[in-house]
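K.L.:
Have a look at this prediction, sequence included:
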Amino acid sequence: MKKIVNKVSEVVEELSSAGRPEVPGAPGARPPQVAEPTEAVPPLPPKPDQQAPAPLSATGRNTGAPADAAAQNGGYLTTANGTRLPDSDHSLKAGPRGPVLLQDHHLREKIMHFDHERIPERVVHARGAAAHGVFRGYGTAAGVSRAAFLAEGVETPVFVRFSTVLGSRGSADTVRDTRGFATKFYTSEGVFDLVGNNIPVFFIQDAVKFPDVIHAGKPHPDREIPQAQSAHDTFWDFVSLHAEATHHTLWNMSDRGIPRSFRMMEGFGVHTFRLVDAEGATTLVKFHWKPTAGVHSLVWEEAQLINGMDPDFHRRDLADAIEAGNHPQWELGIQTFPDTPEQTFAGIDLLDPTKFVPEELAPVQPIGLMTLNANPTNFFAETEQVAFHPGHLVPGIDVTDDPLLAGRLFSYLDTQISRLGGPNFAQIPINRTHAPVNDMLRDGFHQDAVHSGVAPYKPNSLDGGCPFFAGAGERAFIEHPTPIAAASKVREAPASFADHFSQARLFWLSMSPVEREHIIAAYTFELAKVYEQAIKERTLQVLANIDPQLCAQVAQGLGLPAPQRPEHLADPEPSPALSQLGRTWPTTGRVIGIITGAADDVALVRRLREAALDAGLMPLIIAPTGAPLAEDLTVQRTYAAARSVEFDALLVAGVPAPGADDRGARDAKSGAVAGGQSTLDSRAVLLVNEAWRHAKPIAGLADARALWTAAGVDPRAPGVITATENTEAIPALVDLLGTHRVWERFPAAS
């Protein structure tokens, strides 16, 4: 384990010593030459930002092999068995124009493998991105859990996969959906998987309904439309008929449904877990991941533009941030509750996965810090084949009787058998434990371990009795002996599970005015896509149970009458912690676009870029063409290729005169906003106009006022900076980015 952690540290040091790249996104480890290479060379090393799974055997033994031991080997093309090949462009034929011969073993091997490159995608969470990292325990959980990886100073390798729920592998990133946040801890005591979401509650209370909610959320089965979104009849039919889905649906319609990036997304364990300390005492907990960059979301128009402009926006953002050395971080925290027979806290049933506990009632206590510092070396081998399971537990962490969690404990194992081809998926390198394995499990598809001995059974004497049972003194995992009350065998739910609206109302009341506006807009947009009028009317009846204002505003947008207000509405105390607004966050890694003209002061642009880098920002230069401004000043975006949604803020370094391609036939964005402004490039005007409408900070030097006028920007408005000294612009933008957006530009109508 120590060697593995040291290796992770070496990777971090290498990344740091490599210096910051000009801009992240280089596809290979070295720049290519123009002509096709003809001289044999060994495979190039991975990029500095990449890391492969640890070099462990199928049974968790440290092989001592180099990190690239599983990568391709040798400089010549071979068959799967290592025979070198002279040609891979032509099939073996009977003459140049003759039929292909059945004896072409290379053709058959190549096509056979290609035909089976794709494994069945996940039913849910098919679209994902992942990264390697390190978790460092604070030691603050030692009083409630004996888990070794939570002890002070212990560093544990992790692999984290973020995902959307509904879409296929080929869907877009910035759809309105719940996000998965799954973390695999390679601890010294075995693998611990914390498999959660970016929303702390779920649509259903019992796993038996999981196929129903997913079938409803997936595309309609006749047309496979719509892909990766909930704006359609079957979803709203289900959630309007199934009141327990109300709370999660409201979170989904909030800004939480469209995160700005994975780096700015909270994670939740959803369920209540049980921690066990060294003496066997227990505490109930809920797990939280808190991003150090703060929680931030897109506005809906941004998400729609991104889905067309860059469907890979979230996975690109994560990979680029890590490559640039802006390593994302999250604190792991826990809310703790007494483990009483009732398993409730402040009147909230802790076994109900549609409920959360407000942080004002049970503060989140930080117990460790996770840093993602390396990208996968191979997407399929790692991100696609990683297999999580809520039942991957370690001593000190146990499950509760949450009926949704109970079903997940079966489902996750069952699905891997179909998806990964057999029962030995734990031996795939990315899934391999870093603890010794002696499991007596044998054979099956893809068995990589070469077991010795003759007695894979207990008890035995032929193998010397090995393997032996471990007790608590040997840090065995022992389920906590929870008392079970006498009961009848029934298909029922506790009476406390019947409250489906009070916490949804609490969430609504906790939102700021601008966040409420976004929720109203989300419901209105989604329901406008629903075909059946009855489903719209039924959903309005559900909304009336959350808040009359919400219901009335959505009804108005749909052109329907609002149903009568219920006689009694819950009156919960709002939870300020639920709002994404009102705090200031670090700005490291935020993306700033520097708009330059064709004849700008190159020295000025260089100073602005360096100042942005020194402030921890990621500056991208936007110019009329892709030609470098200077030998050391590369252009990352052209007016034609850039769109405002890529950037958190804009800085105008010079007047963007019309480019040669600023014509409607060449670029349909041409003239979108500029109107009669012939002295400015209309694409640059559109960039500024969109950033203005999306409440992003905008800065410009003294001659930027003409651009403000053309883009419809009020130079006196909040978040618009016209710096007379260029040194003022970057610090001012950093201050504004601390709140993510200039929220004052979004007046609330309701």
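P.N.:
Cool, got the structure.
K.L.:
longest strand in the protein, by residue count?
P.N.:
In the chain, with assignment by DSSP state E, the single longest strand is strand 365-376.
K.L.:
hey, C-alpha coordinates of that one in CSV?
P.N.:
Only the C-alpha atoms of strand 365-376 are listed here, as CSV (Å, rounded to 0.1, in the frame of the first residue of the first chain):
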residue,chain,number,x,y,z
GLN,A,365,-18.3,17.3,9.9
PRO,A,366,-15.3,17.1,7.6
ILE,A,367,-13.4,13.8,7.9
GLY,A,368,-11.0,13.8,4.9
LEU,A,369,-9.9,15.5,1.7
MET,A,370,-10.0,13.9,-1.8
THR,A,371,-7.8,15.3,-4.6
LEU,A,372,-8.2,14.1,-8.2
ASN,A,373,-4.7,14.4,-9.8
ALA,A,374,-4.5,12.0,-12.8
ASN,A,375,-6.6,11.2,-15.8
PRO,A,376,-7.2,7.6,-16.9
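K.L.:
pretty sure Arg61 is touching Pro436, no?
P.N.:
Yes. Here Arg61 reaches Pro436: they are 7.0 Å apart, a contact under Cβ atoms under 8 Å. Heads up, the C-betas are built off the backbone N, CA and C, glycines and all.
K.L.:
Setting aside sequence neighbours, what's the nearest residue to Arg643?
P.N.:
Closest residue in space to Arg643, ignoring its immediate chain neighbours: Met309 at 5.0 Å, by Cβ to Cβ, 6 or more residues apart in numbering.
K.L.:
OK, contacts around the one you found?
P.N.:
643, 645-646 (Cβ atoms under 8 Å, 6 or more residues apart in numbering).
K.L.:
and if you look at Leu462?
P.N.:
453-455.
K.L.:
what helix or strand does it sit in?
P.N.:
Using DSSP states H and E, Leu462 sits in no helix or strand.
K.L.:
Could you report the pLDDT at it?
P.N.:
For Leu462, the model assigns a pLDDT of 90.
K.L.:
average pLDDT across stretch 267-279?
P.N.:
pLDDT averaged over stretch 267-279 gives 97.
K.L.:
Which residues belonging to that stretch are considered buried?
P.N.:
Across stretch 267-279, burial judged by 16 or more other Cβ atoms under 10 Å covers 267-277.
K.L.:
now swap in stretch 472-485 and tell me
P.N.:
Buried, per 16+ other Cβ under 10 Å, within stretch 472-485: Arg475.
K.L.:
sorry, back to before: just give me how far the longest strand of the chain sits from the chain centre.
P.N.:
14 Å (Cα atoms, centre = their mean, to the nearest Å).
K.L.:
and if you look at stretch 704-712?
P.N.:
Its chain's average C-alpha position is 36 Å from that of stretch 704-712, according to Cα atoms, centre = their mean.
K.L.:
Any buried residues in that stretch, and which?
P.N.:
Here stretch 704-712 shows 704, 707-708, 710-711 as buried, counting by 16+ other Cβ under 10 Å.
K.L.:
neighbouring strands for the next helix or strand after the longest strand of the chain, and are they parallel or not?
P.N.:
Next along the chain after strand 365-376, taking DSSP H and E as the criterion, comes strand 397-398. Take DSSP bridges as the rule and strand 397-398 pairs in its sheet with strand 273-276 (antiparallel).
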